[in-house]
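Asks: Sequence first, then the predicted structure, then my questions.
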Amino acid sequence: MHAWPASEVPALPGKGRDLRIHDTATGGRVTLAPGPVARIYVCGITPYDATHMGHAATYNAFDLVQRVWLDTKRQVHYVQNVTDVDDPLLERALRDGIDWVGLAERETALFREDMTALRMLPPQHYIGAVEAIPGIVPLVERLRDSGAAYELDGDIYFSVEADPHFGQVSNYDTELMRHLSAERGGDPDRPGKKNPLDPMLWMAAREGEPSWDGGSLGPGRPGWHIECVAIALDHLGMGFDVQGGGSDLIFPHHEMGASHAQTLTGEFPMAKAYVHAGMVALDGEKMSKSKGNLVFVSTLRKEGVDPAAIRLALLSHHYRADWEWTDQVLQDAEARLGRWRAAVSRPDGPSADALVEEIREALADDLDAPAALTAVDRWAARQEADGGTEESAPGLVSRAVDALLGVAL
Ligand code: 5CA
Ligand code: ZN
């Protein structure tokens, strides 16, 4: 699949700092010091009801990760999937009486437009589940042939007991795992499973549903977790720097994905940091497709809201926090954007060298975007109060805000 066009990232004087980021697996900070090429996998959308503010907030967090790395003069190898076949997508298409392929294409196109408008850097590899199937089948066969997977009425399940490190991404107890598995696409109550938590790797063809050639697995379609693992291993290999997504992916998705990859390769861990963004809510409840309490990026854009203001609204919350989308959040962001634009359009201002370092430090410190925004606010307020004499300062602020925060002033 093609991704979306990249906005230019201006180069800044000096050099950025290595990212210290919270890792879900260890529960602490890790300092990521990749080689010349940093590797990141971010779980993509299931293409319906795209792009809501929750999606946008999560992709904003991982866009910042890349901007920090680019500022350290590293290249970034970024991979993202599109879950363009899965139960919830098929259910939505059925509900609306539309073709699931058309639904996925339409929503993926909308997502690309929204990502472009928000200046999110595109992945180098943007891969659909359907196009990944030829790579998924041999992985499932390998897991089955090595005894790490088993068949149940034609479906193939992964045995969580095959991975000695199972449980070390989420660190959740069994009861919570079972509860979340039932809530998030698993089937813990299906009779005949070795362990109720075992996730499906390959689902045998069902009447009226799409299916593909699965070689020795028979016709069917892939499970959700193996989809991301096949794509990540194909394009990044083991031991990549960041596995990213929202906190609702910690279990089962990222737990199971890590176990699949670790069992397939015998290597540990799959990723150096498992990074999770908080959940955005609306009217007191997590914004979700199932509840339908959604605010869409495209709706705001159509209403004439500047994408830079949407981006500033996202940036005004720490990525790990759960927060609530309100009209006030957007109004505050629009007001801030206005102040910043006014500031950088003046002919001079106070030196911005220290500000660039403050933004760098804030982002390197577990992506503390709110602190970075406050630093820019302070510079703009000083300029308004005392003026300043540096002619290069407004331009430097504008470039730094663009390069590090993805906001075009
Ligand atoms: N296709 C899978 C991942 S492989 C999936 O979870 N798709 S999704 O469309 O449901 O979500 C896409 C991304 O947005 C995920 O990282 C998910 O954690 C995140 N996300 C979904 N809802 C919210 C929300 N309310 N707040 C923050 N992030 C969210
Ligand atoms: Zn995923």
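Replies: Okay, I see it. Ligands and ions are numbered 1, 2, ... in the order given.

Asks: doesn't residue 54 make contact with residue 314?
Replies: No - judged on C-beta atoms under 8 Å, residue 314 makes no contact with residue 54 at a distance of 10.2 Å. For the C-beta atoms, the positions are set from N, CA and C on the backbone; glycine is no exception.

Asks: For the two, work out which one has more neighbours and name it.
Replies: residue 314 (28 against 24; other C-beta atoms under 10 Å).

Asks: Tell me which residues touch the more buried one, please.
Replies: 53, 56, 57, 60 (C-beta atoms under 8 Å, 6 or more residues apart in numbering).

Asks: got the phi/psi numbers for it?
Replies: Torsion angles at residue 314 (phi, psi; degrees, to the nearest 10) stand at phi -70, psi -40.

Asks: Excluding chain neighbours, give the residue nearest to it in space.
Replies: Nearest residue to residue 314, sequence neighbours excluded (C-beta to C-beta, 6 or more residues apart in numbering): residue 60, at 4.4 Å.

Asks: got the contact list for the one you found?
Replies: Contacts of residue 60 by C-beta under 8 Å, 6+ apart are 118, 120, 311, 314, 315, 319, 406.

Asks: From ligand 2, how far off is it?
Replies: Relative to ligand 2, residue 60 is positioned 18 Å away (criterion: C-beta to the ion, to the nearest Å).

Asks: Which one of the contacts of residue 314 sits in the busiest neighbourhood?
Replies: residue 56 (27 neighbours).

Asks: how near is the closest residue to residue 188 other than its chain neighbours to residue 202?
Replies: Among residues not flanking residue 188 along the chain, residue 196 sits closest, at 3.8 Å (C-beta to C-beta, 6+ apart). Noted for residue 196: a distance of 19 Å to residue 202, by C-beta to C-beta, to the nearest Å.

Asks: Up against ligand 2, what does this protein have?
Replies: 43, 228 (C-beta under 5 Å from the ion).

Asks: And the strands in the chain?
Replies: For the chain, the strands defined by DSSP state E occupy 19-23, 28-32, 37-42, 75-82, 125-128, 149-152, 155-158, 200-204, 220-222, 240-246, 271-277, 280-282, 285-286, 323-324.

Asks: In contact with the residue in the stretch 201-350 of the chain that ligand 2 sits nearest to, which residues are there?
Replies: Distance from ligand 2 to each residue of the stretch 201-350 of the chain (C-beta to the ion) is smallest for residue 228, at 3.5 Å. Contacts of residue 228 were listed using C-beta under 8 Å, 6+ apart, and they are 41, 43, 81, 253, 257.

Asks: What are the contacting residues of stretch 97-109?
Replies: For stretch 97-109, contacts defined as C-beta under 8 Å, 6+ apart pick out 1, 45, 47-50, 82, 84-85, 89-90, 92-93, 96, 128, 210.
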